[in-house]
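Novice: starting from these lines, generate the structure:
(chains A, B, C and D)
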Number of protein chains: 2
Amino acid sequence: MSPPPIRRRVRPKPPRKRGYHHRDLRQALLTAALQALPEVGPERLSLRDIARRAGVSEAAPYHHFADKEALVAAVAGECAQRLLAALEDAVTEAGDDQRRRFQLTGIAYIRFAVAHPAHFRAMELPGIADQMPRDVRRRFDAFYAEEERRLRAAQAEGVFAPLPFDRMILAATALVHGLAHLVINGATEAKPTDVDHALRLARDVTAVFGAGLLPRSRSPRR
Amino acid sequence: MSPPPIRRRVRPKPPRKRGYHHRDLRQALLTAALQALPEVGPERLSLRDIARRAGVSEAAPYHHFADKEALVAAVAGECAQRLLAALEDAVTEAGDDQRRRFQLTGIAYIRFAVAHPAHFRAMELPGIADQMPRDVRRRFDAFYAEEERRLRAAQAEGVFAPLPFDRMILAATALVHGLAHLVINGATEAKPTDVDHALRLARDVTAVFGAGLLPRSRSPRR
DNA sequence: GGACTATCTTAACGATGTTAAGATTCGAGA
DNA sequence: TCTCGAATCTTAACATCGTTAAGATAGTCC
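Specialist: Next up is the predicted model:
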């Protein structure tokens, strides 16, 4: 695949800084990994490379993480926190118009994926989602629970059509998740890095979907 | 990650069959890879393992593929052909009711992903989509072109609401692609391997979406 | 200050992708 | 049919990776 590109017989071996003890290697490894993540991509993350970036020997990480997967899971946890923060920003900015709030959440999800594709895909590495930190999972669940509560109430008030709730949510989640993937993988007309174009697509697509959620007895818009 | 699980100092080294020349190693490697694919997962595919399965030395594949990525791309091409065949079966079975045809295509996509998750994910390996065989791409494009033609015609006849066509297609693609991912990754209530449950979800979700595509002036169903 | 323990390094193992060099076989031209 | 170049395959090696064992270093607690 890529291990020996061209260069051979080279050993940079950067000099060890700071004394024998690092005092906070765990955090240093995480930040090094988060720095490496967008450079090499989530599937090409290397334990040894991360250790080198942190200026430490290749076996040092094992005193802070059980194995590479545990480190990557911690990285993915940080990514999830950032995604969650983006979603929380979106809903607070959106306010109480539940239709607008619903759409802006989806757009924020797509925006995060396009702006930080490596961080986004890191959360989907095989066998990683289950190992994410508990508190991140809890905060995520709490966020979803709150939004779900608001959506149910809005539907009860006639803001959304009386479709089966779970299916509606699943459809919206799938729509947004799928568009994020399509854009990132270059399967759309938009360049994978063109955030503005991606946001335009996100707005249009969520609008198409949202139109189907309007109650039948009302006018199509507003 | 996983390279040295427990077993150490073992070298099975299965005996070489057939003479020095294999006469059709390229195909043998492809079938070996396609057999290994569901067993180990697309990201854990190993060139050496594939060579071993084909009963050949570890360097032999390089006489038929430029590198591992080229082999994997060929495998992904075969996966794409199978997916295309599933979609073609779906549309021929669906007949000319364009609404039904549209939904059944999406369901077939999800069914393929859930029934063959490894094959499905193989097509999304980083940097693989661009290297797929030309003829597979052409056949895929032809399929999409034909379906798009029919959909446009149906929309002109009032079968679908007068939404912006490209956005509607993109939304549908994203919806189906996203649901496939959610189910495969275990992000839904369904077990990732429960094909029947997944199909139920697919039917419901595409129905929710399809309801939004109905023209406003008609009755909600039919 | 001395022992204990956490932390870090060095060195090694097996695995992987890849390449160079040599062995074997095929096939076309004499 | 013989021969010889090219295609095909093997062996051996290299660099890199994840991981572990054993030893060095440095904080901490009595």
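Novice: surely A:Gly106 touches A:Ala202?
Specialist: Yes - under the criterion of C-beta atoms under 8 Å, A:Gly106 makes contact with A:Ala202 at 7.0 Å. Where C-beta positions appear, they are placed from N, C-alpha and C, glycine not excepted.
Novice: so what sits against both of the two?
Specialist: Residues touching both A:Gly106 and A:Ala202 (C-beta atoms under 8 Å, 6 or more residues apart in numbering or on different chains) are A:Val176.
Novice: the two: which is more packed in?
Specialist: Neighbour comparison, A:Gly106 and A:Ala202: the larger count goes to A:Ala202, with 28 against 24 (by other C-beta atoms under 10 Å in any protein chain shown).
Novice: which element is the most centrally placed residue in chain A on?
Specialist: Centroid check for chain A by C-alpha atoms, centre = their mean gives A:Phe120 as the closest residue, at 3.5 Å. Under the criterion of DSSP states H and E, A:Phe120 resides in helix A:117-122.
Novice: same for that helix, what does it pack against?
Specialist: Helix A:117-122 makes packing contacts with helix A:25-40, helix A:68-94, helix A:98-115, helix A:165-184 when contacts are defined by 3 or more C-beta pairs under 8 Å, 6 or more residues apart in numbering or on different chains; DSSP states H and E.
Novice: work out the gap between whichever helix or strand comes after that helix and the centre of the chain.
Specialist: Remark: after helix A:117-122, the chain's next helix or strand is helix A:134-156, criterion DSSP H and E. Here helix A:134-156 is found 17 Å from its chain centre; the criterion is C-alpha atoms, centre = their mean, to the nearest Å.
Novice: the inter-axis angle of helix A:134-156 versus helix A:165-184?
Specialist: 120 degrees (axes from the mean of the first three to the mean of the last three C-alpha atoms, to 10 degrees).
Novice: residues in contact with helix A:134-156?
Specialist: A:77, A:80-81, A:84, A:87-88, A:91, A:98-99, A:101-102, A:105, A:160-162, A:165, A:168-169.
Novice: do stretch A:65-82 as well
Specialist: A:26, A:29-30, A:33-34, A:37, A:42, A:45, A:47, A:50, A:61, A:112, A:116, A:119-120, A:122-123, A:125, A:127-129, A:131-133, A:136, A:139-140, B:1.
Novice: returning to what we had before: turn the helices and strands packed on helix A:117-122 into TSV, including mean pLDDT.
Specialist: Shown next, in TSV, are the helices and strands packed on helix A:117-122 (pLDDT from 0 to 100):
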stretch	mean pLDDT
helix A:25-40	97
helix A:68-94	98
helix A:98-115	98
helix A:165-184	97
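Novice: among the contacts of helix A:134-156, which ones are buried?
Specialist: Using 16 or more other C-beta atoms under 10 Å in any protein chain shown as the burial test, these include A:77, A:80-81, A:84, A:87, A:91, A:98-99, A:101-102, A:105, A:160-161, A:168-169 as buried.
Novice: residues contacting the residue nearest to the centre of chain A?
Specialist: So A:Phe120 contacts A:79, A:83, A:112-113, A:180, A:184 (C-beta under 8 Å, 6+ apart).
Novice: go with 10 Å
Specialist: Contacts for A:Phe120 (C-beta atoms under 10 Å, 6 or more residues apart in numbering or on different chains) come out as A:42, A:79-80, A:82-83, A:109-110, A:112-114, A:180-181, A:184.
Novice: of the residues you listed, closest to DNA strand C?
Specialist: A:Pro42 (17.5 Å; C-beta to the nearest atom of the strand).
Novice: not counting its neighbours along the chain, what's nearest that closest one?
Specialist: A:Ala122 (4.0 Å; C-beta to C-beta, 6 or more residues apart in numbering or on different chains).
Novice: how many neighbouring residues does that neighbour have?
Specialist: A:Ala122: 26 neighbours (other C-beta under 10 Å).
Novice: same deal with the one 4 residues further on?
Specialist: For A:Pro126, the count of nearby residues is 13 (other C-beta under 10 Å).
Novice: one more: A:Gln35?
Specialist: 12.
Novice: what does A:Gly212 give?
Specialist: A:Gly212: 20 neighbours (other C-beta under 10 Å).
Novice: pull out the buried positions in the one helix or strand it maps to.
Specialist: Under the criterion of DSSP H and E, A:Gly212 resides in helix A:195-213. For helix A:195-213, the neighbour count (16+ other C-beta under 10 Å) marks A:195, A:197-199, A:201-206, A:208-210, A:212-213 as buried.
Novice: quick one: contacts for A:Ala174?
Specialist: B:110, B:174-183, B:187-188, B:201-202, B:205-206, B:209.
Novice: how much space between the closest residue in space to A:Leu104 that isn't next to it in sequence and B:Ser46?
Specialist: Nearest non-adjacent residue to A:Leu104, counting by C-beta to C-beta, 6+ apart: A:Ala94, 4.3 Å away. As judged by C-beta to C-beta, to the nearest Å, A:Ala94 and B:Ser46 stand 47 Å apart.
Novice: more neighbours: those two, which one.
Specialist: Neighbours were counted for A:Ala94 and for B:Ser46 using other C-beta under 10 Å; A:Ala94 has more, 18 against 15.
Novice: what residues are up against that one?
Specialist: A:100-105, A:107-108.
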